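Peer 1: I'll drop the sequence and a predicted model, then ask my questions.
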Amino acid sequence: MKSYNQKRANLNDVALAAGTSVATVSRVLNNTGYSSEDIKTRVKIAAENLHYQPNLHAKSLRQKKSNSIGLLIPNLLNAYYTALADDVSQLLNVHGYQLLLSSTRDDEEIEKNTLRQLIGHNVDGLIWVPTASDSELTDLVINKHIPAVSIVRKVKGNRLPTLVFEDFAGAYAATNHLLKLGHTRIGLIGGNIAHSSNNDRLQGYIKALKDASVFVDQSLIKMGSLNDDRGSASAESFLQLIKPPTAIFVASNALMAGVMKTITHHDVHIPDEISLICFDDLEWFQFSKPPISAIAINHARLAEAAVELLLKHIKNPAELDKPAVFMQISYELVLRASTASPYQM
């Protein structure tokens, strides 16, 4: 039985057990060069008996290639980011890459430390949902010539290849849908506008109101951190207004549970008393009572495009010297029973 304190076997140990040289063991285990079938068998048996595992970190230092990709996302509890990480992991696996996944919780210090650690692990590339608004980390990535793709949000100055959703257009479509139904008091609950995705959704909402000659009431706009408590508190503040909104556009799925909790607590009926639409379409929306209207965004398409773009830069480093590309992933307006014309007293 193998002891937990037993020294980790190395190539020298395998060579000694197989009665051959270290160079021969290396050729057999890496499947390079010629070795007789007898030698191959002896080396593989010795490696198996010694529980030999290659030191991938040392190998990556020698080859300057780790076959690993770092993925930084804000939150592992958000269903959207979990699905995205799973898609990216599966796509990279097909190409022989391992995913190193980290959550920043949108904390700039955590992001800074995590990014530096990933670089220290000699990752071959990065897929990154940026948190910090300054350019320090972008400078670090660019100066070290690390292939990187910014997703969901833009980095300052758009200096990295970037893939985002059509945040402005999607928010405009959601707001415009409510306006066409006859709503003029439309509440917006969204994320921190320091992040480009949230700010673009805010601007899309405002533009739709202005195009319809509807006054932009700041008391109907609640933007900030993404959590259930804030979604609940924002919905609560709307319902306490003398003139509550007749519709709410929830600009992030992370806020939706809190909004629904408050609406249910006050026994407000959807859509008779208030219409509801969300940016991003979660699976449970179609099973809700009533089913929730949404701006559906294609996470799988974003993952595919991000991996494709990153691998292109890894395989052809000359791409790093070209102007950073910018791509947007389209949306779909999915209408269900949670939106209707405002109730007429």
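Peer 2: Done, it's in.
Peer 1: Rank the helices and strands of this protein by mean pLDDT and give me the bottom one.
Peer 2: Ranked by mean pLDDT, DSSP states H and E, the weakest helix or strand in the chain is helix 56-63, scoring a mean of 49.
Peer 1: Could you list the low-pLDDT ranges of this structure?
Peer 2: 1-8, 25, 32-33, 52-65, 228, 344-345 (pLDDT under 70).
Peer 1: Glu48: what secondary structure?
Peer 2: helix (DSSP: H, G, I helix; E, B strand; the rest coil).
Peer 1: what domains does the record give for the chain?
Peer 2: 11-54, 65-162, 167-298 (automatic domain parsing).
Peer 1: show me where this structure has helices.
Peer 2: Using DSSP state H, the helices of the chain run over 11-18, 22-30, 37-49, 56-63, 79-94, 108-120, 136-143, 167-180, 196-211, 228-239, 256-265, 299-315.
Peer 1: closest one to Leu333 among these?
Peer 2: Nearest to Leu333 among those is helix 167-180 (5.1 Å), distances taken as C-beta to C-beta. (Glycine included, C-beta is placed from N, CA and C.)
Peer 1: returning to that earlier point: out of the helices of the chain, deepest packed?
Peer 2: Sort the helices of the chain by mean neighbour count, taking mean count of other C-beta atoms under 10 Å, and helix 167-180 sits at the top with a mean of 22.
Peer 1: Now the domains of the chain in CSV, please, with extra columns for distance to Leu335.
Peer 2: Output for those, formatted as CSV (distance: least, C-beta to C-beta, whole Å):
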stretch, distance to Leu335
domain 11-54, 54
domain 65-162, 20
domain 167-298, 5
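Peer 1: Which of those sits closest to Met327?
Peer 2: Closest approach to Met327 among the domains of the chain (C-beta to C-beta): domain 65-162, 7.2 Å.
Peer 1: what separates the closest one from the chain centre, distance-wise?
Peer 2: 9 Å (C-alpha atoms, centre = their mean, to the nearest Å).
Peer 1: Same check on stretch 266-279?
Peer 2: For stretch 266-279, the separation from the chain centroid amounts to 28 Å (computed by C-alpha atoms, centre = their mean).
Peer 1: could you dump the helices of the chain to a markdown table with distance to Ala247?
Peer 2: Below are the helices of the chain laid out as a markdown table (distance: least, C-beta to C-beta, whole Å):
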| stretch | distance to Ala247 |
| --- | --- |
| helix 11-18 | 67 |
| helix 22-30 | 62 |
| helix 37-49 | 65 |
| helix 56-63 | 53 |
| helix 79-94 | 23 |
| helix 108-120 | 35 |
| helix 136-143 | 38 |
| helix 167-180 | 5 |
| helix 196-211 | 11 |
| helix 228-239 | 10 |
| helix 256-265 | 12 |
| helix 299-315 | 26 |
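Peer 1: Of all those, which one comes closest to Leu101?
Peer 2: Proximity to Leu101 (C-beta to C-beta) singles out helix 79-94 among those, at 5.6 Å.
Peer 1: the inter-axis angle of that closest one versus helix 299-315?
Peer 2: Counting by axes from the mean of the first three to the mean of the last three C-alpha atoms, to 10 degrees, helix 79-94 lies at 40 degrees to helix 299-315.
Peer 1: counting contacts, what elements does helix 79-94 pack onto?
Peer 2: strand 68-73, strand 98-103, helix 299-315 (3 or more C-beta pairs under 8 Å, 6 or more residues apart in numbering; DSSP states H and E).
Peer 1: neighbouring strands for the first one, and are they parallel or not?
Peer 2: Neighbouring strands of strand 68-73 in its sheet, by DSSP bridges, are strand 98-103 (parallel), strand 125-128 (parallel).
Peer 1: what's the last one in contact with?
Peer 2: Yep, that's strand 125-128 we're talking about. Contacts of strand 125-128 with the rest of the structure, by C-beta atoms under 8 Å, 6 or more residues apart in numbering, involve 69-72, 88, 115, 118, 141, 146-151, 155, 160, 306-307, 310-311, 313-314.
Peer 1: switch the cut-off to 7 Å
Peer 2: Outside strand 125-128, the residues that touch it by C-beta atoms under 7 Å, 6 or more residues apart in numbering are 69-72, 88, 118, 141, 146-151, 306, 310, 313-314.
Peer 1: likewise stretch 45-54?
Peer 2: Lys2, Ala9, Asp13, Val14, Ala17, Ala18, Leu29.
Peer 1: How about stretch 82-102?
Peer 2: 67-73, 76, 114, 118, 121, 123, 127, 299-300, 302-304, 306-307, 311.
Peer 1: Restrict it to CA atoms and write it as PDB.
Peer 2: Taking C-alpha atoms only, stretch 82-102 is exported to PDB below (Å, rounded to 0.1, in the frame of the first residue of the first chain):
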ATOM      1  CA  THR A  82     -21.700  29.000 -14.200                       C
ATOM      2  CA  ALA A  83     -23.100  28.100 -17.600                       C
ATOM      3  CA  LEU A  84     -20.500  30.200 -19.300                       C
ATOM      4  CA  ALA A  85     -17.700  28.600 -17.400                       C
ATOM      5  CA  ASP A  86     -19.000  25.100 -18.200                       C
ATOM      6  CA  ASP A  87     -19.200  25.900 -21.900                       C
ATOM      7  CA  VAL A  88     -15.700  27.300 -22.000                       C
ATOM      8  CA  SER A  89     -14.300  24.300 -20.100                       C
ATOM      9  CA  GLN A  90     -15.800  21.800 -22.600                       C
ATOM     10  CA  LEU A  91     -14.700  23.800 -25.600                       C
ATOM     11  CA  LEU A  92     -11.100  24.100 -24.300                       C
ATOM     12  CA  ASN A  93     -11.000  20.400 -23.400                       C
ATOM     13  CA  VAL A  94     -11.600  19.500 -27.100                       C
ATOM     14  CA  HIS A  95      -8.500  21.500 -28.000                       C
ATOM     15  CA  GLY A  96      -6.400  19.900 -25.200                       C
ATOM     16  CA  TYR A  97      -6.500  22.800 -22.700                       C
ATOM     17  CA  GLN A  98      -7.300  22.700 -19.000                       C
ATOM     18  CA  LEU A  99      -9.400  25.500 -17.500                       C
ATOM     19  CA  LEU A 100      -8.200  27.300 -14.400                       C
ATOM     20  CA  LEU A 101     -11.300  29.000 -13.000                       C
ATOM     21  CA  SER A 102     -11.400  31.800 -10.500                       C
END
